[in-house]
Structures are given as C-alpha cells and as structure tokens.
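got a predicted model here, sequence first, then my questions.
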Amino acid sequence: MNGALRVAVVGCGVIAHNYVRGAAGFDSFEIVACADMSAVVAEAFAAQHGLRTAPVDDVLADPDVDVILNLTPPSAHAAVVRAAFEQGKHVYTEKPLATTVDDARSLVREATERGLRLGCAPDTFLGGAYEAGRELLARGAIGEPLGVTAALLVGGPDSWHPNADIFYREGGGPMLDLAPYYLTAIASLLGPYTAATGFAATPTRVRELGFGPRAGERFSVDVPTHVVAALQLERGPLAALTVSFEATDQYVSWMQIHGSEGTLELPDANAFEGQVRVRAPRGEWELVPYESHGARETRGCGLHDLAEALRADRAHRASGELGLHVLEAAVAVLRAAENGRTVEIRSRVASGTPQPHR
C-alpha cells in the first residue's frame, strides 16, 4: 500500500481531539473526515480541525476512506467495527474492543476472515519508556521476572468529561477503562495471562456531573468503581493491579516488575513520558536513559504501527487479538469478584504478537 492511509474519525468526543492533534506527528496516515451521531457535534469538530463531515453511514461507506478510527462510547464499539468491516474498512478502535468477550472474539474472527486489520487501544505500551523496559527485561537487567505490582487510582471522569455517565455503564468502570493500560503493558512485557481473581466494590453509587452543559445532573452507577485484581501469567509471574474511580482529587499511577536480581520501575502506562528506573537488591534506584519517539509519543502511535504493518505485510502490535486478550483478562477479574472464584483466561498473546484462542 502506497501513500498515507486516509482515516475517518467516528465519535467526536473528548479523546478525538487528542488523536487529531497527535496525527500531525505521523506521515503514515492522515485524518480526513469525521462523523458523530450528533450532527452538531460533528460539524463543530470538523470546523475546528479542518475536516469534512457527513452522517456516520456515509463516512463508513466513503470510498476515499481506508481506516475508521472508532472513538464512540464502549457500548457502540462492536456495532461500529462491524459496520466498518461491511464496507471493507480497516478499523482502529478505542478500548475496550467490545463490552463482551464473545463480541470481541467475533470481531477478531471477522477481521481475519475478511482480510482486514483490526487495531485496539491502548497504544501507550509502544512508547519509548516501555520499549526501554522491554530491552532491559530482554537482557536480564533484573534477572527472572517474578511478579508485577501496579496501580492506577483516580477520582473518575465526573469533573472533566461532559458525559461522564458513560464510564459508569456496561463496558465502563475502572476495570475496563483504566486497567487496560496496565494489562496491555504487562502482557506486552511478560506474555499472556492464564487466570484471574479479584475483589470489587462500588462505594459511591450515585455520582454528579461536574462539567459541561449537564453539570449538576446526578446519575446511578452500574459497575464496580474500585477493583483489586490478581492475575497469573503463563510464564510464571503473578501480577497485582488496583484500579479505582474512588481516589477523589488524586491521580496515582505506577508499576514495578520484581525480578530475581532486581526491580524495574516503569512510568504511568496512561501516558508517553516518565522515568524508567532499576534497582539491584539492597542497592539504590538508578535512572535509565531512553530515547523518546518525539512527536510520535502520542495517541495514534498504534494507528501508525497498523499503517506501517500494512505496508510491510507484518502483524501490527496494538492488535485486535491483544485487545481481546486484555478484555478477557479484565472481565475475568470482574467475574471472579462477583462469584468468589478464580476464572480461566482462554486467549493468548505472546511478546506482543497475537495468538488468538481457536
């Protein structure tokens, strides 16, 4: 495939602005069009970013569009991906891939059957910091990895998102909105998960929108908002992850990989910057320099990798298969918490290379 891929945004919400601004850092794709269920929202977005706009169905069918960038609410992800596939379009979608594992698995299968690419966020694990972490692990900087501890604790999107209630419905909550950053990063570093257990709670059952035209509107919460997860990895390490929408006025995010000969600390997996450090037993923390990808350290690097993979006829890394595996792991934690048992994870992904369960 020659030339830049032509991309259309479907879903012109908050995150869409980040993707469009970040696109300036890539020459592998160009965002040319947008659509939203609200024509008013789409027209305002198009005017702000210099894009053409049309109804969703028309954009999906547009012969001048190669890839659909699906940034709709989670409940619409599967339907939009399927509709794009029917029009012969490749798709890169925000997380989660779908709201159910069965839907996610069927999307991966359909992409394969149609010969189309399916990519899925997050792509932060492709940033320079996590690439450096991969290299350190590969050369045995901390010996044999034994375990992982990670956390991402925030107060929820109530104070900054005009429609934050969508994050508290099916397909939302911190386990499907926040945990994928670390679940993806861990799988890309250490391989696939095989089983999960956990505990979940919903301390705040009624929330209030604090931003936008609906500010002051109260809504009920349908999903757990504080989750503690424990996961078994196929290669042996155990991972402990805590995610929360209950850490009012806080933002806490960190990860450490514990090895037989030291510890590796990596930065916020919801960002593209931060320190990488290692520590030997009874030693001091040492800062590890790494090369930044510059303007490509931004949302869209997964879409860029998909475009480059198409040209090179290779697998892309922020794949639908990886998105399926991460979704299955997250759902397994929630099922385990609900039923008080350990839940098997069937799909597999090794070293960032998809190996879907058949």
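Looks like it came in fine.

could you tell me the phi and psi values at the residue of the chain positioned farthest from its centre?
The centre of the chain is farthest from one residue, R282, which by CA atoms, centre = their mean lies 35.1 Å away. Dihedral angles of R282 (phi, psi; degrees, to the nearest 10) stand at phi 60, psi 20.

from T72, how far out is it?
Note on R282: its distance to T72, by CB to CB, to the nearest Å, is 51 Å. For glycine as for every other residue, the C-beta is placed from the backbone atoms N, C-alpha and C.

off-centre distance for stretch 83-97?
Relative to the centre of its chain, stretch 83-97 is centred 15 Å away, using CA atoms, centre = their mean, to the nearest Å.

shift numbering so it begins at 17
With 17 as the first residue, the last one maps to stretch 99-113.

buried ones in that stretch?
A99, A100, F101, K105, H106, V107, Y108, T109, E110, K111, P112, L113 (16 or more other CB atoms under 10 Å).

dump the helix ranked longest in the chain to PDB, keeping only the CA atoms.
As assigned by DSSP state H, the longest helix anywhere in the chain is helix 336-355. Listed in PDB are the C-alpha atoms of helix 336-355, where the atom choice follows Å, rounded to 0.1, in the frame of the first residue of the first chain:
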ATOM      1  CA  GLY A 336      -7.500  -6.800  18.000                       C
ATOM      2  CA  GLU A 337      -6.100 -10.000  19.400                       C
ATOM      3  CA  LEU A 338      -4.300  -8.200  22.100                       C
ATOM      4  CA  GLY A 339      -7.400  -6.100  22.800                       C
ATOM      5  CA  LEU A 340      -9.400  -9.400  23.100                       C
ATOM      6  CA  HIS A 341      -6.900 -10.900  25.500                       C
ATOM      7  CA  VAL A 342      -6.900  -7.800  27.700                       C
ATOM      8  CA  LEU A 343     -10.700  -7.600  27.700                       C
ATOM      9  CA  GLU A 344     -10.900 -11.200  28.600                       C
ATOM     10  CA  ALA A 345      -8.500 -10.700  31.500                       C
ATOM     11  CA  ALA A 346     -10.400  -7.700  32.800                       C
ATOM     12  CA  VAL A 347     -13.800  -9.400  32.500                       C
ATOM     13  CA  ALA A 348     -12.300 -12.500  34.300                       C
ATOM     14  CA  VAL A 349     -11.300 -10.300  37.200                       C
ATOM     15  CA  LEU A 350     -14.900  -8.900  37.400                       C
ATOM     16  CA  ARG A 351     -16.400 -12.400  37.100                       C
ATOM     17  CA  ALA A 352     -14.100 -13.700  39.800                       C
ATOM     18  CA  ALA A 353     -15.000 -10.800  42.100                       C
ATOM     19  CA  GLU A 354     -18.700 -11.400  41.600                       C
ATOM     20  CA  ASN A 355     -18.600 -15.200  42.000                       C
END
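
can you name the element that comes right after it?
Scanning forward in sequence from helix 336-355, with DSSP states H and E defining helices and strands, the next element found is strand 359-360.

so where do the strands sit in the stretch 17-166 of the chain?
With DSSP state E, counting those that start in this stretch as the criterion, the stretch 17-166 of the chain has strands at 21-26, 45-51, 68-69, 83-86, 106-109, 134-136, 161-170.

make JSON lines from those strands and add mean pLDDT and distance to P229 to it.
Shown next, in JSON lines, are the strands of the stretch 17-166 of the chain (pLDDT from 0 to 100; distance: least, CB to CB, whole Å):
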{"stretch": "strand 21-26", "mean pLDDT": "98", "distance to P229": "22"}
{"stretch": "strand 45-51", "mean pLDDT": "98", "distance to P229": "21"}
{"stretch": "strand 68-69", "mean pLDDT": "98", "distance to P229": "21"}
{"stretch": "strand 83-86", "mean pLDDT": "98", "distance to P229": "25"}
{"stretch": "strand 106-109", "mean pLDDT": "98", "distance to P229": "27"}
{"stretch": "strand 134-136", "mean pLDDT": "98", "distance to P229": "31"}
{"stretch": "strand 161-170", "mean pLDDT": "98", "distance to P229": "23"}
